[in-house]
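Colleague: Got a predicted structure here, sequence first:
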Amino acid sequence: MRLKLHHINLVHTSVPELDAFYRDILDLKDEPGMSEKRKLDEGYPGAVSFMTDGNIQMHLAEKDLKIGFRTGQAVNPVERGHIAFRTDDMDAFIARLEEKGVPYSDFGDWAMTGWRQIFFYDPAGYVVEVHQVDGEDF
């Protein structure tokens, strides 16, 4: 099982304001193809911007405090944002969490087509995402 840092998610009530700031200050660019993978009807309906420095992605999302009520999941990935890692073996990673007694929320293929996403809290209360993408190389 391999893991790599994939993206950092920041949330705000105004995605356009965050988007303009990071483009202007850090010269971040669009991450091509990401918007087309969104599942708006069944997944997360809020505003999102996907950008990159060419290596790591940044996902800017509209704050949504009602995700838990709509999904029945304990972890809300767009309350305060999260850090995300990609894996090539989600089942092995879940087994690691269970072996170590770390509870997690399994959102499955929820917000992005073909992305199986789980979320959990670190000891400081930060949300961590681990996802695996169907049909994409690690």
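Modeller: Okay, I see it.
Colleague: which residues of this protein fall in helices?
Modeller: Ranges of helices in the chain, per DSSP state H, are 15-26, 67-71, 90-99.
Colleague: burial of Thr87, as a residue count?
Modeller: 22 (other CB atoms under 10 Å). Where you see a C-beta, it was placed from the backbone N, CA and C, and this is true even at glycine.
Colleague: If you could redo that for Leu60, that was the one I meant.
Modeller: Neighbour number of Leu60 under other CB under 10 Å is 24.
Colleague: lowest-confidence stretch among the helices of the chain?
Modeller: The minimum mean pLDDT among the helices of the chain belongs to helix 67-71 (a mean of 90).
Colleague: what residues does that one touch?
Modeller: 44, 73-79, 107, 110 (CB atoms under 8 Å, 6 or more residues apart in numbering).
Colleague: Buried residues, it. List them.
Modeller: Residues 67, 71 are the ones in helix 67-71 that count as buried (16 or more other CB atoms under 10 Å).
Colleague: Then stretch 15-29?
Modeller: Neighbour-count burial for stretch 15-29 flags 15, 18-19, 22, 28 (criterion: 16+ other CB under 10 Å).
Colleague: which of these sit farthest apart?
Modeller: Taking CB to CB as the measure, those span a maximum distance of 13.5 Å, between Val15 and Leu28.
Colleague: which residues of this structure fall in strands?
Modeller: 3-12, 29-30, 48-52, 57-62, 82-87, 105-109, 115-121, 127-133 (DSSP state E).
Colleague: Just list what the last one packs against, helices and strands only.
Modeller: Using 3 or more CB pairs under 8 Å, 6 or more residues apart in numbering; DSSP states H and E as the contact criterion, the secondary-structure elements in contact with strand 127-133 are strand 3-12, strand 82-87, helix 90-99, strand 115-121.
Colleague: and if we set it to 7 Å?
Modeller: strand 82-87, strand 115-121 (3 or more CB pairs under 7 Å, 6 or more residues apart in numbering; DSSP states H and E).
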